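Everything below, folded, please.
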Amino acid sequence: MMHLHYEQHTKIQPKKQNKLFQRYSFFFSMLLCMLLATVQPYLGGTIESIKFEKLQRIRASIKLTVPSIGSGNFIVWYFAVPLTYLEAGLLCTPYSLYMALKNGYLILFVMVFIYGVMPFLAKLATYLLIHSKVNIWLLKGIEVLYCMPPSFTSNLALCQLAQADLPTSVVTTLVGHFGGFFLSPILLYFVLGASTPPLVGVNVKEIIYSTLLPLIIGMVLQFSVVNPNICSIIGIGRYSQGLLLIIAYYWFSDAVSADVSSLQAIDILLCILIACIAQLFTCCLYWGLCSRWLPRNILLAALFVSTHKSVGLGGWILRSTYHGSAQGPAVNLPLLILPVAQLVLGTLLASWIAPQYSLQN
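Numbering: from 1, shown residues only. Just a heads-up that it's a prediction; the model follows:
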């Protein structure tokens with residue numbers, strides 16, 4: 001009897017290990033991207049696009065507006081982001097998007113959390129940590145990031161990984177990001193004492209062409225060309241995760257190749273530690289506030305949108321404000337470290353909470 005029980009136990013173990021690997025396979029892929037970026041950071045990175053500034057000036061002088069294919073921004077904005085929203089359009093119906101847009105209480109809560117609660121928490125943390133001899137400019141950078149709108153792509157990919165409500169993720173991401181064009185500069189004025197007018201430094205046409213247009217094209221294809229059975233066969237719904245790995249590699253490369261020569265090692269370690277603790281705290285706070293009145297799939301979609309920040313607008317403002325300044329590297333470092341922490345911890349959370357691979361017998 002004991003021998004039979006032992007044989008059953010040994011058969012179950014490989015099965016559980018296989019399911020465990022399947023559950024966390026995307027998280028392991030994210031770690032591999034981080035390792036690759038550590039070994040070869042100069043293959044990617046949106047910071048590398050700064051090195052093309054002279055080339056861009058030459059192109060502008062001869063009226064060429066096509067960005068350099070070698071820059072990370074080209075790969076992200078003209079490849080990864082449009083394909084992510086094209087896939088979302090193939091998966092979301094107009095009715096589901098309308099119902100998500102109709103949920104005004106949720107959208108209002110997400111906007112208040114993004115542009116009210118998170119900046120307040122960052123300011124509170126600054127007041128608490130400034131007496132601990134933490135570099136004040138690092139804390140300023142964290143405040144800047146917490147004033148930013150939600151990320152365009154990571155929310156959607158993590159939403160599908162965790163099997164959350166994709167229409168809610170799409171609607172809250174777009175509303176939150178476009179609202180951030182007006183709200184973020186106002187918040188940054190109170191944080192930095194300097195900012196830019198709304199929509200300055202923002203290429204609205206590029207954003208519309210990369211998000212709304214592919215989303216609409218995807219919905220048109222969904223009803224006119226693509227059969228739903230074909231979508232499931234070819235794996236529509238998983239490509240956004242692969243695209244997120246591409247974006248993650250560029251983000252990791254930015255973090256690894258950042259200029260930190262003027263910073264002390266303790267500043268870098270504190271920035272990483274604060275980034276991880278801040279991400280865990282905001283996720284736990286959001287879960288505690290919403291778990292009693294939101295269904296699980298909608299809660300997860302809103303959580304990823306509210307706790308994952310875009311750094312494009314903040315990075316542009318900081319580069320223009322602190323260009324050539326001694327405080328520039330310290331202020332910019334959190335905008336490179338915190339998105340990495342958000343992405344890694346968000347991937348771990350989505351993999352852990354995904355119901356697809358049950359570890360039960």
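
Now the host helix or strand of residue 301: buried residues?
Remark: residue 301 resides in helix 296-307, with elements defined by DSSP states H and E. For helix 296-307, burial by neighbour count (16 or more other C-beta atoms under 10 Å) applies to 297, 298, 299, 300, 301, 302, 303, 304, 305, 306, 307. The way it works is simple: take the backbone N, C-alpha and C, and place the C-beta from them, glycine included.

and stretch 166-176, how far out from the chain's middle?
Taking C-alpha atoms, centre = their mean, to the nearest Å, one finds stretch 166-176 lying 13 Å from the centre of the chain it belongs to.

which residues sit against that stretch?
Residues from elsewhere that reach stretch 166-176, judged by C-beta atoms under 8 Å, 6 or more residues apart in numbering: 85, 88, 91-93, 96-97, 99-101, 103, 106-107, 110-111, 114, 149-152, 155-156, 159-160, 211-212, 215, 297-298, 301-302, 304-306.

Just the buried ones out of those, please.
Applying 16+ other C-beta under 10 Å to those flags 85, 88, 91-92, 96-97, 100-101, 103, 106-107, 110-111, 114, 149-152, 155-156, 159-160, 211, 215, 297-298, 301-302, 304-306 as buried.

Just the residues you listed: which are in helices?
85, 88, 91, 96-97, 100-101, 106-107, 110-111, 155-156, 159-160, 215, 297-298, 301-302, 304-306 (DSSP state H).

still on that earlier bit, show me what the helix holding residue 301 is packed up against.
Helix 296-307 sits against helix 104-112, helix 154-161, helix 166-192, helix 265-290, helix 328-353, with contacts defined as 3 or more C-beta pairs under 8 Å, 6 or more residues apart in numbering; DSSP states H and E.

Ok, which of these comes nearest residue 223?
helix 166-192 (15.6 Å; C-beta to C-beta).

between the helix holding residue 301 and helix 328-353, how big is the angle?
Relative orientation of helix 296-307 and helix 328-353, computed by axes from the mean of the first three to the mean of the last three C-alpha atoms, to 10 degrees: 170 degrees.

coming back round to it: tell me the one of the buried residues of helix 296-307 nearest residue 143?
Closest to residue 143, out of all of the buried residues of helix 296-307 and judged by C-beta to C-beta, is residue 307, at 15.9 Å.

so what's that closest one up against?
Under the contact definition (C-beta under 8 Å, 6+ apart), the residues listed for residue 307 are 279, 282, 283, 286, 342, 346.

The buried residues of helix 296-307 into a markdown table, with extra columns for distance to residue 173 and pLDDT?
Listed next are the buried residues of helix 296-307 as a markdown table, based on distance: C-beta to C-beta, whole Å; pLDDT from 0 to 100:
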| residue | distance to residue 173 | pLDDT |
| --- | --- | --- |
| 297 | 16 | 91 |
| 298 | 14 | 93 |
| 299 | 15 | 93 |
| 300 | 13 | 93 |
| 301 | 9 | 93 |
| 302 | 10 | 93 |
| 303 | 12 | 94 |
| 304 | 9 | 93 |
| 305 | 5 | 93 |
| 306 | 10 | 92 |
| 307 | 12 | 90 |
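
All good on my end, thank you.
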